[in-house]
Structure formats: structure tokens, C-alpha cells
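Undergrad: the following comprises the amino acid sequence and a computationally predicted model.
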Amino acid sequence: MNILHLDSSARKEESVSRKIAKELVNKLKKNNDQLVYRDISSNIPFVAGIKGAGFIIPEEDRTEQDKELFKFSDELVDEVLAADTIVISTPIYNFGPPAAAKAWFDLVARAGKTFKYEPTGPIGLIGGGKKVYLVVTSGGVPVDSPVDFCTPWFKQALNFLGISDIEIIDSSQLNINDDNLKKAQEKINNL
Ligand SMILES: Cc1cc2nc3c(=O)[nH]c(=O)nc-3n(C[C@H](O)[C@H](O)[C@H](O)COP(=O)(O)O)c2cc1C
């Protein structure tokens with residue numbers, strides 16, 4: 001099994017989402033599993049230089065900077081394609097995902113590679129058999145509440161690529177009490 005582990009909190013040692021995701025990966029990983037780790041909290045460029053209606057620039061029109069961006073995007077896409085299990089940890093920032101996680105997804109959603117449009121609408125090109133664990137932390141916002149635009153956004157974004165097997169590890173409302181955190185750790189222990 002190939003596991004892809006992505007962390008997006010701007011905190012490092014203090015981060016609860018990183019801690020929970022690490023516990024989860026340790027629980028999931030068996031001896032022969034391959035683990036790829038990427039910290040997506042920084043150094044993820046924004047899509048730029050686009051003239052069309054998607055993240056598309058014809059190869060012959062690409063500047064050196066565009067080429068670098070597409071090369072990096074290919075790398076991120078390949079990591080997702082190669083993974084059987086993806087662990088994503090995300091805090092809720094201002095009711096949504098961290099900007100860096102959004103920037104990561106903007107580079108992973110690639111027409112013709114990870115999704116395509118048919119006359120009937122968009123079709124995700126990845127997914128078959130992939131499982132995503134989404135570790136979500138917050139200060140006060142409850143997961144999947146009307147003011148949580150992070151968890152539903154991740155679900156929609158991953159569904160768009162064809163990934164529907166998504167398990168939420170709810171570690172939200174950390175400023176209120178540690179009930180969800182304890183339940184999340186219990187859930188991981190029972191996997
Ligand atoms: C920039 C920023 C924005 C935040 N916005 C929210 C928010 O909208 N709702 C909320 O409940 N918590 C919010 N928080 C709190 C974090 O979600 C919370 O501290 C969480 O534990 C951070 O995850 P981490 O422990 O992995 O760093 C915010 C924190 C930061 C740094």
C-alpha cells in the first residue's frame with residue numbers, strides 16, 4: 001500500500017492536526033507500505049499566468065516560470081495518483097481550509113489528468129479504491145456545521161476528482177473541550 005501524508009497547519013510542533021495525522025499514519029502503516037510525506041503549509045505557489053478558463057497553458061506558450069509551475073503540479077498529481085490511502089490534516093482557518101491547502105488543490109485539479117468535462121458534466125479521473133482520511137481541527141467551529149466551509153469543501157473537491165471514500169477524523173472545537181480530540185484518538189486506536 002502507498003500512503004500519502006499531507007499536513008497543512010501553519011503551526012509545527014504545537015499543531016494538533018499534525019499530531020493526530022501522525023498517530024493515524026502510524027496506525028495505518030504496515031511494514032511494507034510506502035510512505036510519502038509532504039508539508040503543504042508553505043512553498044505551494046498559486047496558479048498564475050493563465051489565459052484560458054482552467055489551469056491550462058499550451059506547452060508552446062509556457063514561460064520558464066510556467067514550466068516550473070506545471071512540473072511541480074505534475075509532481076503533486078503523481079503523488080496523489082500513486083497513493084492508495086491519503087491522510088490530509090487541516091485546521092479550519094477563517095471558516096475554510098488554509099489558503100495553502102487550497103493552493104495545493106488548485107495544482108492537483110488538472111483537466112485531462114485528474115478530471116475531465118463530458119457533455120453530461122465533470123468526471124473525476126482518480127479515485128477507484130483510494131481512501132482519504134481527513135483530520136480536521138478547529139478552535140470553536142463544529143465540523144460539518146453551517147459555518148464549517150472547510151470539511152464540505154474538501155469533500156466536494158475530492159469528489160470532483162473521483163474520490164468518494166472519505167473518512168473524517170473530527171478533532172474540532174479544541175478551545176471548548178477535548179471531547180472531539182479524545183473521540184478522534186479513540187477512533188484511530190480502533191482502526
Ligand atoms: C489564521 C487562523 C484562522 C483561524 N480560524 C478559525 C475559524 O474560523 N474557526 C475556528 O473554529 N478556529 C479557527 N482557528 C483556530 C484553529 O482552527 C485551531 O487553533 C486549530 O487547532 C489549528 O490547528 P493545528 O492545531 O493543527 O494548528 C484559526 C486559527 C488561525 C491560525
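TA: Yep, it's here. Fair warning: this is a prediction, and the values are worked out from it, not measured in the lab. Residues are numbered from 1 along each chain as shown.

Undergrad: tell me which other helices or strands the longest helix seen in the chain touches.
TA: The single longest helix within the chain, with elements called by DSSP state H, is helix 64-82. Here helix 64-82 touches strand 2-7, strand 34-39, helix 99-108, going by 3 or more CB pairs under 8 Å, 6 or more residues apart in numbering; DSSP states H and E. Every C-beta, even on glycine, is put in place using the N, C-alpha and C of the backbone.

Undergrad: do that again at 7 Å, thanks
TA: Judged by 3 or more CB pairs under 7 Å, 6 or more residues apart in numbering; DSSP states H and E, the packing partners of helix 64-82 are strand 2-7, helix 99-108.

Undergrad: looking at the ones you listed, which is closest to the ligand?
TA: strand 2-7 (8.1 Å; CB to the nearest ligand atom).

Undergrad: who does that closest one pair up with?
TA: Take DSSP bridges as the rule and strand 2-7 pairs in its sheet with strand 34-39 (parallel), strand 85-91 (parallel).

Undergrad: pick the most deeply packed of the ones you listed.
TA: A comparison of the strands paired with strand 2-7 by mean neighbour count, using mean count of other CB atoms under 10 Å, puts strand 85-91 on top with a mean of 25.

Undergrad: residues contacting that one, please?
TA: By CB atoms under 7 Å, 6 or more residues apart in numbering, the list of residues contacting strand 85-91 from outside reads 1, 3-9, 17-18, 20-21, 24-25, 28, 80, 97-98, 101, 130-138, 150, 154.

Undergrad: of the residues you listed, which are in range of the ligand?
TA: Under the cut-off given by CB under 6 Å from any ligand atom, the ligand has 9, 17-18, 137-138 from these close to it.

Undergrad: among those residues, who's most crowded?
TA: Neighbour count (other CB atoms under 10 Å) singles out Thr137 as the most crowded of these, with 29 neighbours.
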